[in-house]
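Engineer: Return atomic coordinates for the entry below.
(one chain, ligands or ions: 2)
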Amino acid sequence: MAAPVVAVIGGGQLARMLAEAASPLGIHLRVLAAPSDEGADQVVTDVVVGAADDADAIAQVAAGADVVTFDHENVDHDALDALERAGVAVWPSVATLRFSDKAHQRRAFAAAGLPVPDFEVLDDPAVAVERAVAFAARHVDVVVKASRGGYDGRGVWMLHGEAVADFVGSWDGAPLVLEPKLALRGEVAVLIARRPSGDVAAWPVVETVQVDGMCDEVVLPAELDPSVAERAVAVATEVARVTGAVGVMAIELFLIESEDGTGTDVIVNEVAPRVHNSGHLTIDACRTSQFEQHLRAVLDWPLGPTDPIAAAATMVNVVGTEGHDPRDRQADALAAVPEAKVHLYGKAARAGRKIGHVTVTGPDRSVTRERARLAADLLAGSD
Ligand SMILES: Nc1ncnc2c1ncn2[C@@H]1O[C@H](COP(=O)(O)OP(=O)(O)O)[C@@H](O)[C@H]1O
Ligand SMILES: [Mg+2]
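Structural biologist: Ligands and ions are numbered 1, 2, ... in the order given. As a prediction, this is how the structure comes out:
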């Protein structure tokens, strides 16, 4: 039997880590990488260079593939529609990919009865400012989000009062979503994998720590009352069903005080229909990594066990510092933290850019947090 071929649109670190998981499974991975993409081309032998909105390039990478999947969601939907119509397996489906739009998420989740914050979608410029004024009158602090194209906190603005309407009035990009700024007790994520048949497997809930809107650290397990953890997984499972997810989906959740003040409510923040930063620690800390699971799910193979292989684990992102190549610091970092599992993506170290991550497993959360932080700081050159 020939090797199964998985075509990945996008050539960043997620495609690179999918390739690392594909190799032992005997899966041939082919990547469509834009000329500016960095990460995957250094480890993948079969690379088509082209833009993710170029229908010809998409057709070329899909030719003969068993399934087409994604490293990012900024893909031409019409080209994918054509592939789906031609009988090519595209997972997640185009319908699921539409959920990478925050306005679509909020509307669809509210309609499905999922817990979401109060929100307003501004997609009609004629009434946008008027609606923004009304929303800002209801909520002291407002979070304004670009419905598309944002990541790592770029595309999210915390504003209040007249600044909300001023911002909306001068905006000419994608539709905006307004939400109240919530008093967060914490943020968690649930990673879930789903097969085309509907079988699902979720990893234990992880805690995510953001700095300036960007995920900085992920800790397993999240410190939660078991009933809250159960609720988080139930909400995520419903999100996966509502979105028709196939492959791995990351569901970011907010924890807030319940209205009666006696407990904690789980609210959906956003979802990503793909492998995700909040799941990187599954490579070193769980029996099946998100990358292996994604490949198994999109090929409609049986899913693997998701349980942790250690009592605790922490992942810390290695964020670029101008002028420092983390590879130059690797020996020092490993000397200081020999148990660190280092993943560098081969990307240029621009300031504020995620260029790698470190995972440490161990007996408890605090030890793993401290050790992973030390290794990541040494690699980033920010010590
Ligand atoms: N409504 C909100 N209330 C409070 N904090 C928020 C709200 N929306 C977003 N944030 C904060 O901003 C971060 C980034 O927002 P998010 O919508 O997840 O954007 P991104 O696509 O950049 O990850 C969140 O992880 C959270 O820390
Ligand atoms: Mg987010």
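Engineer: now Ala103: how far from Gly213?
Structural biologist: Applying Cβ to Cβ, to the nearest Å, the value for Ala103 to Gly213 is 18 Å. Where C-beta positions appear, they are placed from N, C-alpha and C, glycine not excepted.
Engineer: now swap in Ala336 and tell me
Structural biologist: 29 Å.
Engineer: And for Pro204?
Structural biologist: Counting by Cβ to Cβ - Pro204 and Gly213 are separated by 25 Å.
Engineer: Ok, Ala335 next?
Structural biologist: Relative to Gly213, and taking Cβ to Cβ, Ala335 is found at 33 Å.
Engineer: Over to Asp46?
Structural biologist: Taking Cβ to Cβ, one finds Asp46 at 35 Å from Gly213.
Engineer: For the two, indicate the residue with more neighbours.
Structural biologist: Gly213 (15 against 12; other Cβ atoms under 10 Å).
Engineer: Tell me the first helix or strand C-terminal of the longest helix anywhere in the chain.
Structural biologist: For the chain, the helix with the greatest residue count under DSSP state H is helix 226-243. Using DSSP states H and E, the helix or strand that follows helix 226-243 in sequence is strand 247-257.
Engineer: Can you name every helix or strand that that following strand contacts?
Structural biologist: Strand 247-257 sits against strand 186-194, helix 226-243, strand 264-272, helix 290-298, with contacts defined as 3 or more Cβ pairs under 8 Å, 6 or more residues apart in numbering; DSSP states H and E.
Engineer: Count the neighbours of the closest residue to Gly12 other than its chain neighbours for me.
Structural biologist: Distances taken as Cβ to Cβ, 6 or more residues apart in numbering put Gly39 closest to Gly12, at 4.7 Å, once the chain neighbours are dropped. Gly39 is flanked by 25 other residues according to other Cβ under 10 Å.
Engineer: check contacts around Gly39.
Structural biologist: Gly11, Gly12, Gln13, Ala15, Arg16, Tyr345, Gly346, Lys347 (Cβ atoms under 8 Å, 6 or more residues apart in numbering).
Engineer: what does Ser100 give?
Structural biologist: Counting by Cβ under 8 Å, 6+ apart, Ser100 touches Glu73, Arg148, Ala272, Pro273.
Engineer: What's the separation between the last one and Arg353?
Structural biologist: Which is Pro273. Using Cβ to Cβ, one gets 23 Å for the distance from Pro273 to Arg353.
Engineer: One more: the third one?
Structural biologist: In this structure, Ala272 lies at 18 Å from Arg353, with Cβ to Cβ as the measure.
Engineer: For this structure, what lies in contact range of ligand 1?
Structural biologist: With Cβ under 6 Å from any ligand atom as the criterion, the chain meets ligand 1 at residues 117, 143, 145, 150-153, 155-156, 179, 181-182, 184, 187, 210, 213, 252, 269-270.
Engineer: if you set the cut-off to 5 Å instead, what comes out?
Structural biologist: Counting by Cβ under 5 Å from any ligand atom, the chain comes close to ligand 1 at Val143, Gly150, Gly153, Val156, Glu179, Lys181, Leu182, Gln210, Gly213, Glu270.
Engineer: Top of the contacts of Ser100 by number of neighbours, please.
Structural biologist: Pro273 (25 neighbours).
Engineer: Quick one: residues contacting that one.
Structural biologist: Contacts of Pro273 by Cβ under 8 Å, 6+ apart are Phe70, Glu73, Pro92, Thr96, Leu97, Phe99, Ser100, Thr243, Ala245, Gly247, Met249.
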